[in-house]
Each structure stands twice: as structure tokens, then as C-alpha cells.
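>>> sharing a sequence plus its predicted fold:
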Amino acid sequence: MADVMSQPSQPFVSKWASRYRGATVEDLDPPPALSLTPSDPISLALLSAFERDYTHLTIVSSSNRALLGYISIPHLQSLLESGKCKPEDEIRSAMIRFQRKGARYTVITMNTPLEELEGFFEGKDNGGQKQDFAVITDSGRRFVLGVATREDLEEFVKRRPA
């Protein structure tokens, strides 16, 4: 049996590079981020997401606004349907926390080229683990500016002439 780890990995090739033509994340025109805190109720997360048609919300510290994690609305809905959480529970019971210790994160800013964003979604720099969304920050990673999804990128490509 061949050792999978010894086979060279294929370099990432963007399937839409010809459509980007120098475009960056800013060209996706992402809406401003909506961040909640771990102590906010789940019902607020649902209401806020539905009002804005968001699929992901960022969770920040109430004391220093540090990015702690996120909540996926489809995942949250499945937790509610299965009875694992209730609308009055705090978000902390359902949020996905970012692992800070020893983790290397890809910084996505408004100036990130769309080829790099596509590579991030396809798992180029994180062991092939595909991502559904990206948190857009300033270059110092101090402020959450927005969230970009794979769907945002696909919509951009559809609107862009060949």
C-alpha cells in the first residue's frame, strides 16, 4: 500500500484566476461585520442573522473586543432542532472557539487578492481543510471588518465578464 504522506501535494490552481484580474476582498463589497459576545442570548444571534441575511456571526470579548470565535447559523439551527440548546441560552454554549495556542492563522484583509481568498477556502495553506467563510480583519488583526463566504466569491465571479 502506498504511503499517502509521501506523495507530493498538488499546487493550488485557481479555477477563476482569469476572472479576478487584480480584484481584492474589498471588491466583494462585504457588509460590515456583526459581532456578538459570548453572554448574548442565542435568540439575539438568530434574529440578527436573519435580519441581515448572514450565515456566520463573529463572537468577540465584551471587555476588549478580541475575536474569540464564531457561530454558524445553520449549525445553530440544527442544535436548536435537536434540543442541544435553547433560544434563551448564552451564545457561549453553541459558539465555535478559535484555537489560539500554537495555531497559525491566515490573515484576510480588504487588500487580500481574491486568488488568495479562493486558496484559503480550498484549504491551500491549512492542510487541505476547506473553509466556508473568512473573517476579514485589519492587517494587525485588531478589528473585525467583515465576513466573506465562498458564496460571495462565486457571486463575484458570476457578475464578472469573462
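Good, I have the coordinates.
>>> which stretches of this structure have low pLDDT?
1-11, 102-103 (pLDDT under 70).
>>> which outside residues touch the host helix or strand of Phe120?
Taking DSSP states H and E as the criterion, Phe120 maps to helix 114-121. With C-beta atoms under 8 Å, 6 or more residues apart in numbering as the test, helix 114-121 has contacts from 12, 14-17, 20, 23-25, 27-28, 106, 108, 125-126, 130-132, 134, 148, 150, 153, 156. (C-beta placed from N, C-alpha, C; glycine too.)
>>> are any of the residues you listed buried, and which?
12, 14, 20, 23-25, 28, 108, 131, 134, 148, 150, 153, 156 (16 or more other C-beta atoms under 10 Å).
>>> for Asp152, give me its contacts.
Asp152 neighbours (C-beta under 8 Å, 6+ apart): 28, 30.
>>> shouldn't it be within a helix?
Yes. Counting by DSSP: H, G, I helix; E, B strand; the rest coil, Asp152 is part of a helix.
>>> burial of the spatially closest residue to Ser61 that is not a sequence neighbour, as a residue count?
Leaving out its chain neighbours, the residue that sits closest to Ser61 by C-beta to C-beta, 6 or more residues apart in numbering is Leu68, at 5.8 Å. Neighbours of Leu68 under the rule other C-beta atoms under 10 Å: 20.
>>> ok so, going back, tell me which helix or strand comes right after the helix holding Phe120.
Toward the C-terminus from helix 114-121 - assigned by DSSP H and E - lies strand 133-137.
>>> that following strand to helix 114-121, inter-axis angle?
Between strand 133-137 and helix 114-121, the angle formed by their directions is 130 degrees, by axes from the mean of the first three to the mean of the last three C-alpha atoms, to 10 degrees.
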